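Chemist: heads up, no residue letters with this:
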């Protein structure tokens, strides 16, 4: 029952909130007025800074400090935005005491809006003092920093995005979930095990450090030997040139679909990600579904291959493979599949064939493959004229980009919270997942020739020539609109290499029917998703030829949900684009392949 004293206290609190709100509004107006008075000096600083940005520095990467300065100057140029950010920070600081006594209500009423759920802080142990203060303070800091960039008025968006990304990396390193003294789950585990988890974690760290120093593979990877444990689907290398080996796989059914399948993997990876163990091999799955499957295995370039460019990968690779398949399966169109960079190359080939009225393709499937690089994700922050020039200078002595350098770049653009969570799990909790075939494949890196990599970065990421109709094949431009066959495109929900919204942009450029699938998982695990795995799901939707464009967020809300593996949906789609079954085609005679047929997986994969 409310007493008169309680009612009076309640009315006083309401009056204080109203007075406090009016005071906050007055402060905001004062801040905006004060910031506007200094606007002239801020613009003078901005003009001087922009002049400095226009001076090239011999292809050296622009220092992060310059990018941070660009953000700060742009922020100071906009008094309203500056006042808004200051006021948000002051409100957050004023609300901090409420976290101590009324955490549940504070989470709902924070000035920046509800905090996005973070899986690291879902355990009930985080609700107790002082860990609730640690977690909520961190989450508010992270959200405030994101808010500071949400309406940035500056002109140098590339540099600003880089500052945002770099600062978030630093903020994530300070997460209370990363340290044993501020993480109640780590404290509880350490007490329960009497510190045994710390000893295990120290052992894992020492082992990893030793193997890293001496460039040794991770423990357990010796269980996944190429040709013995992985990449073991039976087949023959039926053709080999200076850039690729073409593998034809042995049929496992009495009859096969008339249209063969050609798989074009990325040269940034070894092809057998699609032929891992028998239970998760996409190639074996397709063979068992009654398809005649061919796959390209790219050569791992050396210094001698420094002049191999994108045109070589197109002509000696995709188009050369089609020529060979046409001899094995005469008169049959091909269902082509491209993964990652291989999908980009396949889209170039399809556009070239369409332009030249060559109808050898029955369909194309693009797996986590970008065709429009206007919004390429985190990797785009590290690609501009200066940085591409710097990468080229690194490649020039050897003629290629080493796999270690490339792996470091991909680790850098990954999700910071996941990286720290993995380190915490292994080195503090003392938990380590056993190695698997996908992890072993990931450690089996490749090199990229300087000419090809430079062309790819400049034509795709820097200039977006393919999407803009400026990319030239045989001295003539190609357009994605020239593609004449239906498209099956797959994006993965947690992909930081080829974000699914970037993959989705193919809807802007291709007029033929598109079956778009968004699957759970990341760039690799989302594609290697065989039937039978738990916790797998996807969405799909068909866009008819010349159909109306649907924005990606709207697509998510109306697409058809499905549980399980998207492979099954894909094989049904392939069946719709295949005709009657025929007798499996024979392997070419040895005389047409330099006198011998080498067993799969061939020789290039061991380089």
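Modeler: Cool, the structure landed. Predicted model only: the values in this text are computed from it and were never measured.
Chemist: going by C-alpha atoms from here, please, whenever you check contacts or count neighbours.
Modeler: Fine.
Chemist: now do the same end-to-end measure for stretch 544-555.
Modeler: According to Cα to Cα, to the nearest Å, stretch 544-555 extends 14 Å from its N-terminal end residue to its C-terminal end residue.
Chemist: now that stretch: mean pLDDT?
Modeler: For stretch 544-555, mean pLDDT rounds to 96.
Chemist: buried residues, that stretch. List them.
Modeler: Buried residues in stretch 544-555, counted by 16 or more other Cα atoms under 10 Å: residue 555.
Chemist: which helix or strand in this structure has the lowest average pLDDT?
Modeler: Between all helices and strands in the chain, the lowest mean by mean pLDDT, DSSP states H and E belongs to helix 39-53, at a mean of 36.
Chemist: just the buried positions in stretch 562-573, please.
Modeler: 564, 565, 566, 567, 570.
Chemist: an error on my part: the question was meant for stretch 335-345.
Modeler: For stretch 335-345, using 16+ other Cα under 10 Å, the buried residues are 335, 336, 337, 338, 339, 340, 341, 342, 343, 344, 345.
Chemist: ok, now stretch 242-261?
Modeler: For stretch 242-261, burial by neighbour count (16+ other Cα under 10 Å) applies to 243-252, 255-261.
Chemist: for the stretch 501-607 of the chain, which segments count as strands?
Modeler: Under the criterion DSSP state E, counting those that start in this stretch, strands of the stretch 501-607 of the chain are mapped to 514-519, 537-543, 560-563, 581-582, 598-599.
Chemist: so which of these is nearest residue 206?
Modeler: Shortest separation from residue 206 across these is recorded for strand 514-519, at 37.0 Å, computed as Cα to Cα.
Chemist: quick one: mean pLDDT for the closest one?
Modeler: Mean predicted confidence for strand 514-519 is 98.
Chemist: residue ranges with poor pLDDT in the stretch 101-250 of the chain?
Modeler: Residues of the stretch 101-250 of the chain that meet the criterion pLDDT under 70 lie in 101-116, 149-159.
Chemist: show me the strands in it, by range?
Modeler: Listed in chain order (using DSSP E, counting those that start in this stretch), the strands of the stretch 101-250 of the chain are 235-240, 244-249.
Chemist: against which helices or strands is the first one packed?
Modeler: The one in question is strand 235-240. Counting contacts by 3 or more Cα pairs under 8 Å, 6 or more residues apart in numbering; DSSP states H and E, strand 235-240 is packed against strand 244-249, strand 598-599.
Chemist: make TSV out of those strands and add distance to residue 589.
Modeler: Rendered in TSV, the data for the helices and strands packed on strand 235-240 read as follows (distance: least, Cα to Cα, whole Å):
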stretch	distance to residue 589
strand 244-249	13
strand 598-599	12
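Chemist: any chance of the strands of the stretch 101-250 of the chain in a markdown table with distance to residue 143 as columns?
Modeler: What follows is those, written out as a markdown table (distance: least, Cα to Cα, whole Å):
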| stretch | distance to residue 143 |
| --- | --- |
| strand 235-240 | 53 |
| strand 244-249 | 48 |
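Chemist: to residue 490, which of those lies closest?
Modeler: Judged by Cα to Cα, the one of the strands of the stretch 101-250 of the chain that comes nearest to residue 490 is strand 244-249, at 24.0 Å.
Chemist: just how off-centre is the closest one within its chain?
Modeler: The chain centroid and the centroid of strand 244-249 are separated by 28 Å, computed with Cα atoms, centre = their mean, to the nearest Å.
Chemist: now that strand against strand 235-240, angle please.
Modeler: An angle of 150 degrees separates the directions of strand 244-249 and strand 235-240 when computed by axes from the mean of the first three to the mean of the last three Cα atoms, to 10 degrees.
Chemist: what helices or strands is strand 244-249 leaning on?
Modeler: strand 235-240, strand 293-298.
Chemist: which one of the ones you listed is the most hemmed in?
Modeler: Among these, the stretch with the highest mean neighbour count (mean count of other Cα atoms under 10 Å) is strand 293-298, at a mean of 26.
Chemist: any idea how many residues pack against residue 379?
Modeler: Neighbour count of residue 379, defined by other Cα atoms under 10 Å: 18.
Chemist: how about JSON lines for the buried residues of stretch 335-345, with secondary structure added?
Modeler: Rendered in JSON lines, the data for the buried residues of stretch 335-345 read as follows (DSSP: H, G, I helix; E, B strand; the rest coil):
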{"residue": "335", "secondary structure": "strand"}
{"residue": "336", "secondary structure": "strand"}
{"residue": "337", "secondary structure": "strand"}
{"residue": "338", "secondary structure": "strand"}
{"residue": "339", "secondary structure": "strand"}
{"residue": "340", "secondary structure": "coil"}
{"residue": "341", "secondary structure": "helix"}
{"residue": "342", "secondary structure": "helix"}
{"residue": "343", "secondary structure": "helix"}
{"residue": "344", "secondary structure": "helix"}
{"residue": "345", "secondary structure": "helix"}
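Chemist: could I get the helices and strands packed on strand 244-249 as JSON lines with distance to residue 268?
Modeler: Putting the helices and strands packed on strand 244-249 into JSON lines (distance: least, Cα to Cα, whole Å) gives the following:
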{"stretch": "strand 235-240", "distance to residue 268": "19"}
{"stretch": "strand 293-298", "distance to residue 268": "9"}
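Chemist: nearest to residue 126, of the ones you listed?
Modeler: Using Cα to Cα and comparing these, the one that lies nearest residue 126 is strand 293-298, at 49.5 Å.
Chemist: just the buried residues of the helix or strand following the closest one, please?
Modeler: Counting by DSSP states H and E, the element after strand 293-298 in chain order, helix or strand, is helix 310-312. Buried residues in helix 310-312, counting neighbours by 16+ other Cα under 10 Å, are found at 310, 312.
Chemist: in the helix or strand following helix 310-312, what counts as buried?
Modeler: Tracing the chain C-terminally past helix 310-312 and defining elements by DSSP H and E, one meets helix 320-328 next. Applying a neighbour-count criterion of 16+ other Cα under 10 Å, one finds 320, 321, 322, 325, 328 buried in helix 320-328.
Chemist: could I get those residues in TSV, plus columns for pLDDT?
Modeler: Rendered in TSV, the data for the buried residues of helix 320-328 read as follows (pLDDT from 0 to 100):
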residue	pLDDT
320	97
321	97
322	98
325	97
328	96
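Chemist: turn those into JSON lines, columns for distance to residue 180.
Modeler: Formatted as JSON lines, the entries for those read as follows, by distance: Cα to Cα, whole Å:
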{"residue": "320", "distance to residue 180": "57"}
{"residue": "321", "distance to residue 180": "55"}
{"residue": "322", "distance to residue 180": "57"}
{"residue": "325", "distance to residue 180": "59"}
{"residue": "328", "distance to residue 180": "62"}
